[in-house]
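Q: have a look; sequence and predicted model below, questions after that.
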Amino acid sequence: MRTYSFVTVDVFTSTRFGGNPLAVFPDATGMSDAEMQSLAAEFNLSETTFVLPPDNPAHTARVRIFTRTREMPFAGHPNVGTAYVLAQQGRDTNGKLLFEELAGLVEIDVERDGSGAPIGATIAAPQPLSLGSELPVEAVAACVGLQPADIRTGAHRPVGASLGNPFVIAEVEPSALSRATPDFASFRQALEQTPSLEGRLALYVYAHAGEGSVQARMFAPLGGTIEDAATGSAAGPLGALLLSLSKAAELRLDIHQGVVMGRPSLLRVVARRGADGIRATIAGQCVPVLRGEAVL
């Protein structure tokens, strides 16, 4: 038998049992793909990460991210949480880490408190903003149990957006956000009618909550995540999308998520225009929860 140590942390929160829980295997050397997928399904969290030696020794690690059902090219809270865990182990270099992932290299700055202890991280999404297909308002509304009139289209229509991991982003009326409830049949129908989604639909709905602040919720029920407490890889594209609709050089956004679930989260996004397009960073704090061993 082989044993692998793991830790769990709550991400995008400074309060235990808030934010988005994550399981991290700091040394997954020797694990097979099937074992990683089985462990992610066993933990039954939105994501589990597995840390491996980097292909390039100049980088910190190769990080693989699994949901309950599939491997992800990039995700937000898994990177923030994994960076926090590795920084606790002293594996950063002058407060920086560089992760190899399927979507590309992820640059990370460790956040520390006054005593120098790690408390979180800021990650740079690996790709500039790319936009995909628009989805019909009626289909998006049906997916989250709302009426078409609840979907706002003044700034943008529901549209696919990605910084390395695609989401469909839709603005809703503030009064409708708490009423949103995923409908499995409507998600399946939307996938059947939209080949450009390539068999995956993760829907990020948001409402403005004041200057520089939004409330958001994320639903991906067909992938096993009925609702996610904090979704960094959707928060970044939201900030980048909103910046693309303005003439500003930079946009700073506080995104509050997980409130309806009882796991309030705070994601701090900064989107900036650059030579290759609009890029974004996503920042948040973490707290440790559990430690243990898996036996394979």
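A: That came through fine.
Q: hey, let's count contacts and neighbours off CA atoms from now on
A: Will do.
Q: what score does the nearest residue to Ala220 once chain neighbours are set aside have for pLDDT?
A: Nearest residue to Ala220 in three dimensions, chain neighbours excluded: Ala202, at 4.4 Å (Cα to Cα, 6 or more residues apart in numbering). According to the prediction, Ala202 has pLDDT 96.
Q: residues contacting Ala202?
A: 166-168, 218-221 (Cα atoms under 8 Å, 6 or more residues apart in numbering).
Q: make a markdown table from the residues you listed and add neighbour count to it.
A: Formatted as a markdown table, the contacts of Ala202 follow (neighbours: other Cα atoms under 10 Å):
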| residue | neighbour count |
| --- | --- |
| Pro166 | 24 |
| Phe167 | 28 |
| Val168 | 25 |
| Met218 | 27 |
| Phe219 | 26 |
| Ala220 | 21 |
| Pro221 | 19 |
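Q: make a markdown table out of those residues and add secondary structure.
A: Listed next are the contacts of Ala202 as a markdown table, based on DSSP: H, G, I helix; E, B strand; the rest coil:
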| residue | secondary structure |
| --- | --- |
| Pro166 | coil |
| Phe167 | strand |
| Val168 | strand |
| Met218 | strand |
| Phe219 | strand |
| Ala220 | strand |
| Pro221 | helix |
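Q: format those as CSV; extra columns: pLDDT and distance to Gly18.
A: As requested, those are exported to CSV (pLDDT from 0 to 100; distance: Cα to Cα, whole Å):
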residue, pLDDT, distance to Gly18
Pro166, 95, 25
Phe167, 97, 23
Val168, 98, 25
Met218, 98, 16
Phe219, 98, 18
Ala220, 96, 20
Pro221, 96, 21
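Q: closest to Leu102 out of the residues you listed?
A: Pro166 (13.5 Å; Cα to Cα).
Q: now the nearest residue to the closest one once chain neighbours are set aside, what's its secondary structure?
A: Nearest non-adjacent residue to Pro166, counting by Cα to Cα, 6+ apart: Gly160, 6.5 Å away. Under three-state DSSP, Gly160 falls in the strand class.
Q: turn the contacts of Ala202 into TSV, including distance to Ser46.
A: As requested, these are arranged in TSV below (distance: Cα to Cα, whole Å):
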residue	distance to Ser46
Pro166	16
Phe167	15
Val168	18
Met218	11
Phe219	11
Ala220	10
Pro221	11
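Q: check the spacing between the closest residue to Arg263 other than its chain neighbours and Leu201 real quick.
A: Among residues not flanking Arg263 along the chain, Gly18 sits closest, at 4.2 Å (Cα to Cα, 6+ apart). Counting by Cα to Cα, to the nearest Å, the separation of Gly18 from Leu201 is 25 Å.
Q: which residues of the stretch 151-296 of the chain fall in strands?
A: 151-152, 159-162, 167-172, 203-208, 213-220, 225-228, 250-257, 265-274, 277-295 (DSSP state E, counting those that start in this stretch).
Q: figure out which of these is closest to Gly132.
A: strand 159-162 (4.4 Å).
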